[in-house]
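Engineer: following is a predicted model, sequence given first.
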Amino acid sequence: MTRLIFLGPPGAGKGTQAKELADHLQIPHISTGDILRQALKHQTPLGIKAQIYMDKGELVPDHLVQDMVEERLKQADTESGWILDGFPRTVQQASFLQSLLQKLEQRGERVVNLDVPDDVVVGRLLERGRKDDSEDVIRRRLEVYRSETAPLIDYYSSREQLFIVNGNQSLEDVTVEITKAIS
């Protein structure tokens with residue numbers, strides 16, 4: 001049973017790699033970013049609240065994201081495994097996830113950290129051309145990532161669940177490296 005958490009800065013390729021692997025393993029790719037973008041597009045209450053934070057390049061508050069993740073992991077298609085992309089982003093969220101997985105009797109998750117230099121991330125995100133991807137906002141998101149998300153690397157490393165993958169190589173090479181790491 002495959003349960004994977006993808007870490008890495010915005011633009012590291014988490015979504016691309018998660019989608020590729022999820023298709024190959026026939027398990028759901030659960031992207032909090034995609035769920036949030038849908039909420040923004042449809043102007044749901046969550047989307048409206050999230051927009052305020054995202055426009056500033058800040059993380060959406062834990063309680064909003066945790067409720068969303070819990071609801072998604074309770075769905076039947078997650079019983080055979082899943083890939084989480086964009087969650088957890090803080091040690092507090094990781095602790096919440098650990099408790100949730102125990103409650104749902106879904107254990108054995110592994111964590112893949114895609115390591116990519118900041119300048120490469122900025123270039124990738126500017127090429128993507130999204131409304132929220134100006135260079136200032138991207139650099140702010142990287143600062144937030146470094147201060148709030150990077151401690152997860154220590155959190156999962158100390159639990160011997162972490163695999164570090166060089167995300168600054170071709171799509172195919174990254175996929176091969178991830179596949180080797182989780183095998």
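Structural biologist: It's in. Numbers count the residues shown, from 1 in each chain.

Engineer: report the contact partners of the closest residue to Val122 other than its chain neighbours.
Structural biologist: Distances taken as CB to CB, 6 or more residues apart in numbering place Ile138 nearest to Val122, at 5.3 Å, with adjacent residues excluded. C-beta: built from backbone N, CA, C; applies to glycine. For Ile138, the contact set (CB atoms under 8 Å, 6 or more residues apart in numbering) comprises 10-11, 57, 121-122, 125-126.

Engineer: then Gln106?
Structural biologist: With CB under 8 Å, 6+ apart, Gln106 has these contacts: 3, 73, 78-79.

Engineer: of those residues - the most surrounded one?
Structural biologist: With neighbours taken as other CB atoms under 10 Å, the top of the contacts of Gln106 is Leu73, carrying 21 neighbours.

Engineer: so how far is Asn168 from that one?
Structural biologist: 31 Å (CB to CB, to the nearest Å).

Engineer: pLDDT on stretch 1-15, on average?
Structural biologist: The pLDDT scores in stretch 1-15 average 92.

Engineer: only alpha carbons, please: show that stretch as PDB.
Structural biologist: The C-alpha trace of stretch 1-15 is given here as PDB (Å, rounded to 0.1, in the frame of the first residue of the first chain):
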ATOM      1  CA  MET A   1       0.000   0.000   0.000                       C
ATOM      2  CA  THR A   2       1.500   3.300  -1.100                       C
ATOM      3  CA  ARG A   3       1.000   6.400   1.000                       C
ATOM      4  CA  LEU A   4       3.300   9.300   0.000                       C
ATOM      5  CA  ILE A   5       3.700  12.800   1.100                       C
ATOM      6  CA  PHE A   6       5.500  15.200  -1.300                       C
ATOM      7  CA  LEU A   7       7.500  18.100   0.100                       C
ATOM      8  CA  GLY A   8       9.400  20.800  -1.700                       C
ATOM      9  CA  PRO A   9       9.200  24.500  -2.400                       C
ATOM     10  CA  PRO A  10       6.500  25.900  -4.700                       C
ATOM     11  CA  GLY A  11       7.500  25.100  -8.300                       C
ATOM     12  CA  ALA A  12       9.700  22.100  -7.300                       C
ATOM     13  CA  GLY A  13       7.500  19.800  -9.500                       C
ATOM     14  CA  LYS A  14       5.500  18.100  -6.700                       C
ATOM     15  CA  GLY A  15       2.300  18.200  -8.600                       C
END
